[in-house]
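J.: Provide a 3D model corresponding to the input given below.
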Amino acid sequence: MVIPCYKVAPFLPKVLANIGPEVSAIYCVIDGCEQGSDRAALAAVANDARIVVVKHDINQGVGQAFITGCELALEHGADIVVKLDGDGQMDPNDILRLVEPIQLGHADYTKGNRFFHLEDLQSMPIVRMFGNAVLSFFSKLSTGYWNLFDPTNGFLAIHSNIAKRMPWNKLHRRYFFESDMLFRLYTLRAVVVDVPMKSRYGMEKSNLSILAAMVQFPIFHGLNFAKRIFYGYFLREFNIASLNLILSIGLIGFGTCFGVFNWVRGNELNQLASAGTVMFAALPIILGWQALLSFFAFDVGNVPRTPQRWRLMTSSPAETVFQQAPKIESE
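T.: As a prediction, this is how the structure comes out:
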């Protein structure tokens, strides 16, 4: 288990005390925190031999903190690596539920979803609720996981076979980290599963700037969307969805340009466009939107369904794999 620690000193002792025996190793990564998170973690070491404290002298972001801890966990032979925030919003009792789909071979990666139980949303601040809903839509576009929600949820678990294939050097190091992880997982065709969870909100204060997220996250999502489409529908494969996308761009572009040109020309000559001219502009736009909707229908159905980690197993019999799956040697 990896716990990024930045300004979480008041909450960290309780979080560590509630982690159950199913976790065999706990990596507390102190990410340049000057508010006592390192002292809180070191104090807990005396009571729990599983805790390993790692320190970044300079704050490098939650993404880099997880990468540091994950690399150590993999070096020490972890089968599943779990990320748990140190601010107390996540219940350590949910760890077994979080890793269960990975253990059973149903997923390569799991993440929490705070929006599954509607009655639990009453405790979530309205600003966070609205922001997560908007970001979830952008995330669906950029990552290709149309079946997921709550993309910024930091309660996650990843199987070691997939973690070893992740391009960690390319991932965003700060608060876009979780969303960027999903984009990279899609390029590996990994199966990702949402796990319902309850989130607890108390006196903790988020270090994420809402204004910065509103400005930066759509840009990051837009870049990832463009890369995903290029990788998935043109570089690795060319299929009917690729053709629909090309047709939609061409038809909508032609219809729009032709319509605008004739509208401007008609105003200059003080003439109304003929019915044929209007149809010649409108028909390509209508057909283009139909092609675009066909592309997205294909994309929604193209969510990865077969866990990749089983393909990487050295043991071919399925029975052997599933017999080994329930064991968690180290998180």
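J.: which of the residues in the lengthiest helix in the chain are buried?
T.: Determined from DSSP state H, the single longest helix within the chain is helix 240-269. Of the residues in helix 240-269, 241-242, 244-245, 247-248, 251-252, 255, 258-259, 262 count as buried by neighbour count, 16 or more other C-beta atoms under 10 Å. For glycine as for every other residue, the C-beta is placed from the backbone atoms N, C-alpha and C.
J.: What ranges does this protein have for its helices?
T.: 12-17, 37-45, 62-75, 95-103, 126-143, 160-163, 177-187, 210-230, 240-269, 275-300, 318-324.
J.: Including mean pLDDT, could these go into a markdown table?
T.: Shown next, in a markdown table, are the helices of the chain (pLDDT from 0 to 100):
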| stretch | mean pLDDT |
| --- | --- |
| helix 12-17 | 91 |
| helix 37-45 | 83 |
| helix 62-75 | 95 |
| helix 95-103 | 95 |
| helix 126-143 | 83 |
| helix 160-163 | 94 |
| helix 177-187 | 95 |
| helix 210-230 | 87 |
| helix 240-269 | 94 |
| helix 275-300 | 95 |
| helix 318-324 | 38 |
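J.: of all the ones you listed, which lies closest to residue 195?
T.: Closest approach to residue 195 among the helices of the chain (C-beta to C-beta): helix 95-103, 5.1 Å.
J.: Extract the C-alpha set from that closest one and format it as PDB.
T.: What follows is helix 95-103, C-alpha atoms only, in PDB (Å, rounded to 0.1, in the frame of the first residue of the first chain):
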ATOM      1  CA  ILE A  95      -9.500  -2.200   0.900                       C
ATOM      2  CA  LEU A  96     -10.600  -5.800   0.500                       C
ATOM      3  CA  ARG A  97     -13.600  -4.700  -1.500                       C
ATOM      4  CA  LEU A  98     -11.300  -2.600  -3.700                       C
ATOM      5  CA  VAL A  99      -8.900  -5.400  -4.600                       C
ATOM      6  CA  GLU A 100     -11.500  -8.200  -4.900                       C
ATOM      7  CA  PRO A 101     -12.200  -7.700  -8.700                       C
ATOM      8  CA  ILE A 102      -8.400  -7.900  -9.300                       C
ATOM      9  CA  GLN A 103      -8.100 -11.000  -7.100                       C
END
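J.: can you list the residues that contact it?
T.: Applying C-beta atoms under 8 Å, 6 or more residues apart in numbering, the contact partners of helix 95-103 are 1, 19-20, 22-23, 80, 82, 84, 107-110, 112, 155-159, 193, 195, 197, 325-326, 328, 331.
J.: Check which residues of it are buried.
T.: 95, 98-103.
J.: Make CSV from these and add distance to residue 146 to it.
T.: Listed next are those as CSV, based on distance: C-beta to C-beta, whole Å:
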residue, distance to residue 146
95, 27
98, 21
99, 24
100, 23
101, 18
102, 21
103, 25
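J.: Show me which of the contacts of helix 95-103 are buried.
T.: Buried by 16+ other C-beta under 10 Å: 1, 19, 23, 80, 82, 84, 107-110, 112, 155-159, 193, 195, 197, 325, 328, 331, out of those.
J.: I'd like to know which of these are part of strands.
T.: Among the buried ones among the contacts of helix 95-103, DSSP state E puts 80, 82, 109-110, 112, 156-159, 193, 195 in strands.
J.: one step back: may I see the buried residues of helix 240-269 arranged in a markdown table, with distance to residue 75 as well?
T.: Converted to a markdown table, those look like this (distance: C-beta to C-beta, whole Å):
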| residue | distance to residue 75 |
| --- | --- |
| 241 | 40 |
| 242 | 40 |
| 244 | 45 |
| 245 | 42 |
| 247 | 49 |
| 248 | 47 |
| 251 | 53 |
| 252 | 51 |
| 255 | 57 |
| 258 | 60 |
| 259 | 60 |
| 262 | 66 |
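J.: Okay then, goodbye and thanks.
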